[in-house]
Every structure is written in C-alpha cells, then in structure tokens.
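I would like to see how this sequence folds:
(one chain, ligands or ions: 1)
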Amino acid sequence: MLNKIKALQEEMDAATASTPEEVDELRIKYISKKGSINQLFADFKHVPAEQKKEVGKAINELKEFALTKINSLKEAFESGAAGTTGLDLTRPGEPVKLGTRHPLSIVKNEIINIFGRLGFTVAEGPEIEDDWHVFSALNFPPEHPARDMQDTFFIEKDPDVLLRTHTSSVQIRVMERTQPPIRAIFPGRVFRNEAISARSHCIFHQVEGLYVDENVSFADLKQTLVYFAKELFGEDSQIRLRPSYFPFTEPSAEMDVSCSICGGEGCNVCKYTGWLEILGCGMVDPNVLEACNIDSKKYTGFAFGMGIERITMLKYGIKDIRHFFENDVRFLKQFESAT
Ligand code: DAH
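The predicted structure is shown next:
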C-alpha cells in the first residue's frame, strides 16, 4: 500500500497540463469520487491494524499534495500565467459570426437591380412628410379617407405633419426638383394606422417607380412590368392588368402575376385563382405633373408602386408578415444563402 501511494505521488508530481481541460482530466483521474485517491481510502479497510496509522497519514498527505498540485495548475490558467506551458498562440481564433441580410433587403436589392438594368436610378425621400407631398400634390380630393386620422399617423395638425402612407410622395419630391426625362425608383418605409395581423402591419416597405418623358405610353408601362415580373418570378411568369383607381394615375390598373408557387394551376397561396396581385400602376395624372411644374402637354409618364413584404412573402412562401419585424435569428438565418 505504501508503495502504491509513493508511486501515485511520483506520477502526480510529473503530471503536466497544457489546457484547462487537461487540468480537469487530472482532477477527475486523482481526486474525483471515482479517482485513484478515493480508491485508496476504500482499500484502507483492508490495511492491517498496526499499519493503519502510517498508511492513513500517507493517504491524507497524498490527497493534500494532489489538491495543491491541481489548484496551482488551475490558477496558472486562470491568471494567464500558464504562458509557455498552456497558452497556444498558434491556435485559430474563435470564428466571427457573420449576420445575414434581411429577406426584405434581399428582395429590395433584387428589385433595384432589375430596374437598374432598364436605366432606372434610385432616390429616397423623407418618412416624415407634409400633406402636400403625400396627398394634395398627388390629386387626393380633400375628403379622401386616407386623410383621416384612422388611416394615417399624424404627428401635428394645422399644418399637417404626418408619417408617409406610401412612397408615392417621393414622386412629387423628385418631380419638383427635376425636369424630365425622369426614370427612377424610390424604395422606402411607410406607415399606416392598421391593426397588426398575419397579413398587415403598421410599418411596411414599398418601392415606387416613375418614368416621365415625351411620348411615354401605357405600352411602355406594360412592357416594363412584363420584364420586371419575368426577372423576379421567372421566365414563365405572366402578368395581367385589371382596371383600378388611384387619384394620381389615369388610367389606373392593378397588376397580377401568375402564381409562381403552383404555376397558375391554383393553390392556397393564390386562393385557387392562379394569380397574385403585386402592384398598382397607371399613367401619371396630368394634375400631378402640373402640381410639380411639369408641362403635361409636352410630357407623359407612368408610375407604379409595390409592397416589398408582400412580394417577399410570395417569393419565399412566408405566411406571417410579423416575422419580418421580430428579427428572430432562427428566421433570419434561413436566408443566408440567398443573394
Ligand atoms: N401608392 C399606392 C399605394 O400605396 C400604390 C401605387 C398605385 C403607386 C399606383 C403608384 C401607382 O405609383 O401608379 O397603395
């Protein structure tokens, strides 16, 4: 028994550790419940009575020795003094975790790229607006419901300061400071006083488009939108235009794209119609051009506006608009490989 104790002490004396994990391994090996020292205590009952005193003392000393040794190794790592023994400066560092682009940014950038290939530049305008740029210059009649507090967030009344309800306001800002030709898109955040649900949110994003020049026709609008739909949803995509009404365009239309999920066969996403509504558009109303001091006899133009959330939901099969604003990394991480 005494020989065994001596051998263990020598073994421990020689033991080294180059990482904190190795220190822990030594601790487990020698002084844990199942470690060698406890084993000695277990064997102690077989020691003949006359040797008990000597052996007991030796085991206790060994235990003391083991505790001191392991504590000093541990402290060396904790204080950073392990330097040459433990710290390996050639080990690779912790990988830096990269974030991923938000799906709304991915789709917004894709839309900017598509229209960029058709010569559309990008401009932005303020989110806090006045009545003129959001409503009056866009030919909204004074009694239009959008001017109601129920639909629009007002910051101040008389004169009205409000959060823009659509990016059409940027059309006005651009036309006020630029004479045609104008060919640009305006991405941005918009605000509406709506209850938050799976399908609608009080904050969302739009991309507005505007093309004003001599001889711009509805055919130009249609061709631009066909190109856009095919680029965004695939070569097989088809579009259809339905007559609609917006105060700032005449004639106005809403555009549907063939459902890219079922290929037009009908599914629960397109409510079995084969079509998905994705934007509003039309020929810029002459009143709007005149409000911006653009000669409506000389120039014509088209405009369109689309919701980025809706398009992103269709493209990726996302069922609840609230996902975009919660920023749960488990949701965001899924778009890692998207461009
Ligand atoms: N501003 C409209 C909305 O928020 C969308 C829109 C419709 C924009 C037709 C346009 C347009 O430029 O021509 O619902």
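
so where does E309 fall, helix or strand?
Using DSSP states H and E, the element containing E309 is helix 308-316.

restrict that helix to CA atoms and write it as PDB.
Extracted as PDB, the C-alpha positions of helix 308-316 are listed here (Å, rounded to 0.1, in the frame of the first residue of the first chain):
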ATOM      1  CA  ILE A 308     -41.900  44.600 -50.600                       C
ATOM      2  CA  GLU A 309     -43.300  42.500 -47.700                       C
ATOM      3  CA  ARG A 310     -46.000  41.000 -49.900                       C
ATOM      4  CA  ILE A 311     -43.600  40.200 -52.700                       C
ATOM      5  CA  THR A 312     -41.100  38.600 -50.300                       C
ATOM      6  CA  MET A 313     -43.800  36.600 -48.700                       C
ATOM      7  CA  LEU A 314     -44.900  35.300 -52.100                       C
ATOM      8  CA  LYS A 315     -41.300  34.600 -53.200                       C
ATOM      9  CA  TYR A 316     -40.300  32.600 -50.100                       C
END
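
is any part of that helix close to the ligand?
No. Legend: contact between helix 308-316 and the ligand by C-beta under 6 Å from any ligand atom is lacking; minimum distance shown is 10.9 Å. All C-beta atoms are positioned from the backbone trio N, CA, C, and that covers glycine.

what mean pLDDT would you report for that helix?
Average pLDDT, helix 308-316: 92.

now whichever helix or strand comes after it: average pLDDT?
Of the helices and strands lying after helix 308-316 in sequence (DSSP H and E), the nearest is helix 323-326. Helix 323-326 carries an average pLDDT of 95.

at the contact with the ligand, which residues of the stretch 51-200 of the chain appear?
Residues of the stretch 51-200 of the chain lying close to the ligand (C-beta under 6 Å from any ligand atom) are H166, S168.

pick out the residue nearest the middle of the protein.
Central residue of the chain (C-alpha atoms, centre = their mean): H102, 2.5 Å from the mean position.

that residue and the ligand: what is the separation?
Distance of H102 to the ligand, computed by C-beta to the nearest ligand atom, to the nearest Å: 21 Å.

who are the contact partners of the nearest residue to that residue once chain neighbours are set aside?
Distance criterion C-beta to C-beta, 6 or more residues apart in numbering; nearest residue to H102, sequence neighbours excluded, is L332 at 6.5 Å. Contact analysis of L332 by C-beta atoms under 8 Å, 6 or more residues apart in numbering lists G99, T100, H102, P103.

which SS state does L332 fall under?
Look at L332: counting by DSSP: H, G, I helix; E, B strand; the rest coil, its state is helix.

contacting residues around F191?
F191 neighbours (C-beta under 8 Å, 6+ apart): E127, F153, L163, R164, T165, C202, I203.

can you name the next helix or strand after the helix or strand of the chain with the lowest mean pLDDT?
Lowest on mean pLDDT, DSSP states H and E among the helices and strands of the chain sits helix 83-86, with a mean of 57. Proceeding N to C from helix 83-86, the next assigned helix or strand is helix 103-116, under DSSP H and E.
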